[in-house]
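Q: I would like the atomic coordinates for the input below:
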Amino acid sequence: MEAILSRRSIRQYTSQKVSDHLVRELLEAAMSAPSANNEQPWHFVILDDRKIMSEIPKFHPYSSMLREAPLAILVCVDLSLGSEGFLVQDGSAATENILIAAHARGLGAVWLGVYPLKERINGMRRLLGIPDRILPLALISMGYPAEKISRANRYQASRVHTNRW
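A: Below is the predicted model of the structure:
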């Protein structure tokens, strides 16, 4: 629970590289997410090339931190897999698992939305050579935090309804 409740979006990172072993752990967490009919329609693109990462802010206006981030993971879903209508949920579950696992392992991360904005989807496809059957869904910028953001209590009892609205 602590990793979920204390996780915050982190946009500033140190220059310390994220180890391949830790990246593998994050991907294991992602691939442990639930998916409709257990289709597991996800694919992941690991980004650590500064030149490539510096191109993303040209078509994604909220991704400027990628110019300094040591790592990013693009979460994609395969349109030829999965249950119709559930691909976004499947990929989002994998994305959230990465965010929680990253925080639990001492990394800071932020979810940068790609889908459903066409210019971001097409920009990622062009930049990374992603085939048409693969839908870029979410980009996660991450690294060791260079900022500390306080834990926030986000629970709102007024948003909870029992049995009826």
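Q: residues touching the residue most central in space within the chain, list them.
A: Note on the chain: the residue nearest the mean C-alpha position is residue 140, at 3.5 Å, using Cα atoms, centre = their mean. By Cβ atoms under 8 Å, 6 or more residues apart in numbering, the residues touching residue 140 are 72, 73, 74, 75, 95, 98, 99, 102, 109, 110, 111, 112. The C-beta positions use only the backbone N, C-alpha and C, and glycine is treated the same way.
Q: Following the chain past the helix or strand of the chain with the lowest mean pLDDT, name the next helix or strand.
A: Every helix and strand of the chain was ranked by mean pLDDT, DSSP states H and E. The lowest is helix 2-6, at a mean of 93. Past helix 2-6, heading to the C-terminal end, the next element that is a helix or strand (DSSP states H and E) is helix 20-30.
Q: Strands along the chain, start to end?
A: In order along the chain, the chain carries the following strands (DSSP state E): 42-47, 71-78, 108-113, 134-143.
Q: can you tell me which of those comes nearest to residue 149?
A: The stretch from the strands of the chain with the least distance to residue 149 (Cβ to Cβ) is strand 108-113; that distance is 8.6 Å.
Q: sorry, back to before: just checking, what packs against the least confident helix or strand of the chain?
A: Helix 2-6 makes packing contacts with helix 87-104 when contacts are defined by 3 or more Cβ pairs under 8 Å, 6 or more residues apart in numbering; DSSP states H and E.
Q: Enumerate the positions of the helix it packs on that are buried.
A: 87, 89-104 (16 or more other Cβ atoms under 10 Å).
Q: ditto for stretch 134-148
A: If you call a residue buried by 16+ other Cβ under 10 Å, then stretch 134-148 has these buried ones: 134, 135, 136, 137, 138, 139, 140, 141, 142, 143, 144, 145.
Q: I'd like to know how far the first one sits from residue 86.
A: Think residue 134. From residue 134 across to residue 86, the span is 16 Å (Cβ to Cβ, to the nearest Å).
Q: neighbours around the nearest residue in space to residue 67 that is not next to it in sequence, how many?
A: Of all residues beyond its chain neighbours, the one nearest residue 67 is residue 54 (5.2 Å), with distances taken as Cβ to Cβ, 6 or more residues apart in numbering. Here the number of neighbours of residue 54 (other Cβ atoms under 10 Å) works out to 14.
Q: And the pLDDT at residue 54?
A: We have a pLDDT of 98 for residue 54.
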